[in-house]
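A.B. asks: dropping a prediction and its sequence here:
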Amino acid sequence: MKILVATGRQAEETVRKSVKSRADVLIVDTDIAAFITPSRLLVALMDQKPNTYDILFVPGLASGDFSIVEKKMDCKVYLGPKHAYDLGYVLDFVEDFEFSKNVPACELLSDIRKKLAIDKVSDLEDRSVPQLLINDLKIGGSSRMKVMAEIVDSTSMSKELLISKIEEFVKKGADIIDLGSSMNATPEEVKSTVKTARSVSSVPISIDTLEPDLIKTALEGGVDIVLSLNGSNIDQVGKHVAFHTATAVIIPDSDGDIGSLANNIKKAKNFGIKYIIADPVLDPVGHGITRSIVRYYEFSKDFPDIPLFFGSGNVTELIDADSIGVNAVLCGIASELGAAILFTPEYSDKTHGSIEELTTASMMMTVACERNSSPKDLGIDLLKLKEKRKRIEADLCEDPLFAVESESWELDPKGPVKIGIVSRSRYSDSSFKGSLIIAQHKRACVVGKTASSVLNTLIEKGLVSTLEHAGYLGRELARAELAIKYDRSYAQDDDF
């Protein structure tokens with residue numbers, strides 16, 4: 001297949017390096033590749049009289065109707081990637097992929113690769129052989145690692161808040177909902193909490209307590225999993241767990257005591273508990289995480305048929321680092337250890353997003369293991385602030401005019417605007433999904449999803465009258481939009 005790539009003068013070197021010998025390069029009479037138009041392209045084609053081609057790629061940011069070029073050249077004209085350095089990657093797909101005349105190739109391939117990866121995970125899950133089933137949910141074996149999300153102090157929550165939390169966690173990707181019991185929870189509160197959880201979602205439900213009375217009440221209410229059993233309660237509740245055919249997560253009697261974990265598993269089996277998951281207990285960084293990982297490894301060798309419970313939240317909650325990278329690495333370790341369940345609360349503000357992060361990481365490891373590769377270039381990733389390939393830097397112009405900060409400012413005659421954000425849980429209008437930017441003026445309160453829409457509305461309504469104020473609002477509104485995108489808090493004029 002013969003391919004021609006059209007570009008401008010500035011990007012010529014990058015384009016040639018990217019395509020190498022796999023495509024010819026046509027230089028159009030413009031410095032900026034994005035400024036290529038159908039008419040400019042036709043002039044370049046007529047002047048340089050190139051050979052016959054099957055496909056002609058124009059820059060992904062080019063605009064216009066290139067159908068006239070298709071007729072003249074008798075070849076297909078598609079939008080290439082937005083950035084020249086992605087051309088090599090795009091050319092890998094020309095033989096078996098239909099590109100678009102409207103969507104840049106990089107966006108198209110990103111969506112396609114992500115869909116292919118997700119479909120692959122789904123197919124692998126369908127064909128997987130689990131170690132046990134909880135309802136219809138596959139646990140362990142060759143199935144994907146499942147995410148259990150804890151709702152801390154669920155027994156103390158109002159019914160409305162509990163329902164909201166369950167729906168939020170399931171939407172984020174939780175495969176199992178864990179109902180954390182308060183220290184002073186009563187059987188009646190547990191009964192009510194389990195009933196509410198059962199009415200909201202069909203995913204498996206676990207009860208998180210060591211108290212025998214609360215475990216018995218939860219079992220009567222229909223929980224699927226008991227978290228946890230050890231020497232302190234197994235004699236009182238073992239028969240009840242077996243009778244209700246619930247799954248039990250077994251823990252040691254003290255940290256690091258693999259012997260007691262093995263004994264507790266033996267006891268559970270003697271009580272007739274058929275469905276068992278073992279938790280050797282993952283310790284936090286600084287408190288023996290390395291020893292605990294070795295403990296998991298040794299246990300999995302001795303008991304290969306018992307699914308493993310991996311408490312990643314023990315680590316993420318006790319380290320001041322962005323959870324996204326921590327969860328990615330923990331999930332990779334869990335995968336190598338053969339873990340079946342990844343456990344996390346989203347208790348502290350810094351760990352919000354852990355459910356989604358672990359869900360994505362679990363999918364990444366599923367695809368990576370099937371490919372026998374590292375978890376990279378899969379179509380799905382956890383790159384949120386970092387980037388795999390940096391964009392090309394701008395060239396510094398000759399004799400630049402260096403900007404200076406303004407030493408004074410004047411209040412807009414139309415008045416100030418107070419900017420903030422409001423979370424989705426505090427806004428009931430169904431026409432908006434997710435969090436909102438709020439711009440409050442003495443004459444109106446403007447809300448929207450993007451900085452541009454809010455600023456445009458402020459200007460159209462005559463609430464901004466100076467360029468200086470408009471520029472300031474644009475900067476602050478953009479920061480508010482970024483805060484929403486990255487699930488951060490926002491305060492006007494504060495550091496971000």
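C.D. replies: Okay, I see it. Small disclaimer: the values here were computed from a predicted structure and weren't measured.
A.B. asks: near residue 243, how many other residues are there?
C.D. replies: Residue neighbour count, defined by other C-beta atoms under 10 Å, stands at 12 for residue 243. In this view, the C-beta of every residue, glycine as well, is placed from N, C-alpha and C.
A.B. asks: grab the nearest non-local neighbour of residue 117.
C.D. replies: Nearest residue to residue 117 in three dimensions, chain neighbours excluded: residue 379, at 3.4 Å (C-beta to C-beta, 6 or more residues apart in numbering).
A.B. asks: gap between that neighbour and residue 362?
C.D. replies: From residue 379 across to residue 362, the span is 15 Å (C-beta to C-beta, to the nearest Å).
A.B. asks: same question for residue 236.
C.D. replies: 34 Å.
A.B. asks: and those two? which has more neighbours close in?
C.D. replies: residue 362 (22 against 14).
A.B. asks: so that one makes contact with residue 125?
C.D. replies: No - if you go by C-beta atoms under 8 Å, residue 362 and residue 125 don't touch, sitting 10.5 Å apart.
A.B. asks: which neighbours do the two share?
C.D. replies: residue 144 (C-beta atoms under 8 Å, 6 or more residues apart in numbering).
A.B. asks: just the helices in the stretch 51-200 of the chain please.
C.D. replies: 67-73, 87-91, 105-127, 159-172, 187-200 (DSSP state H, counting those that start in this stretch).
A.B. asks: most packed of those helices?
C.D. replies: Highest mean neighbour count of the helices of the stretch 51-200 of the chain: helix 87-91, a mean of 21 (counted as mean count of other C-beta atoms under 10 Å).
A.B. asks: that one packs against which elements?
C.D. replies: Counting contacts by 3 or more C-beta pairs under 8 Å, 6 or more residues apart in numbering; DSSP states H and E, helix 87-91 packs against helix 12-19, helix 105-127.
A.B. asks: go again using 6 Å as the cut-off
C.D. replies: helix 12-19 (3 or more C-beta pairs under 6 Å, 6 or more residues apart in numbering; DSSP states H and E).
A.B. asks: note down every partner strand of the helix or strand following the helix it packs on and its orientation.
C.D. replies: As assigned by DSSP states H and E, the chain's next helix or strand after helix 12-19 is strand 24-27. When pairing is defined by DSSP bridges, strand 24-27 lines up against strand 3-7 (parallel).
A.B. asks: so the strand it pairs with versus helix 12-19, what angle?
C.D. replies: Angle, strand 3-7 to helix 12-19, by axes from the mean of the first three to the mean of the last three C-alpha atoms, to 10 degrees: 150 degrees.
A.B. asks: and the contacts of strand 3-7?
C.D. replies: For strand 3-7, contacts defined as C-beta atoms under 6 Å, 6 or more residues apart in numbering pick out 15, 19, 23-26, 28, 33, 36, 41, 53, 55-58.
A.B. asks: so for that strand, what's the average pLDDT?
C.D. replies: Strand 3-7 comes out with an average pLDDT of 96.
A.B. asks: for that strand, output the C-alpha coordinates as CSV.
C.D. replies: Below are the C-alpha coordinates for strand 3-7, written out as CSV (Å, rounded to 0.1, in the frame of the first residue of the first chain):
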residue,chain,number,x,y,z
ILE,A,3,1.0,6.2,1.4
LEU,A,4,1.6,10.0,1.2
VAL,A,5,1.7,12.3,4.2
ALA,A,6,1.1,16.0,3.8
THR,A,7,2.7,18.4,6.2
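A.B. asks: look up how far residue 365 lies from the closest residue to residue 304 other than its chain neighbours.
C.D. replies: Leaving aside its sequence neighbours, residue 304 sits nearest to residue 338 (C-beta to C-beta, 6+ apart; 7.7 Å). Separation of residue 338 from residue 365 (C-beta to C-beta): 11 Å.
A.B. asks: more neighbours, those two?
C.D. replies: Neighbours were counted for residue 338 and for residue 365 using other C-beta under 10 Å; residue 365 has more, 23 against 20.
A.B. asks: give the contact list for that one.
C.D. replies: Shown in contact with residue 365 (C-beta under 6 Å, 6+ apart): 331, 335, 375.
A.B. asks: name the nearest residue to it, ignoring sequence neighbours.
C.D. replies: The shortest distance from residue 365 to any non-neighbouring residue, by C-beta to C-beta, 6+ apart, is to residue 335 (4.1 Å).
A.B. asks: any idea which element the one you found lies in?
C.D. replies: helix 323-337.
A.B. asks: against which helices or strands is that helix packed?
C.D. replies: helix 289-302, helix 354-371.
A.B. asks: show the average pLDDT along the longest one.
C.D. replies: So the one you mean is helix 354-371. Per-residue scores along helix 354-371 average to 96.
A.B. asks: and if you look at stretch 156-172?
C.D. replies: 96.
A.B. asks: so how many other residues sit close to residue 438?
C.D. replies: Residues within reach of residue 438, counting by other C-beta under 10 Å, total 18.
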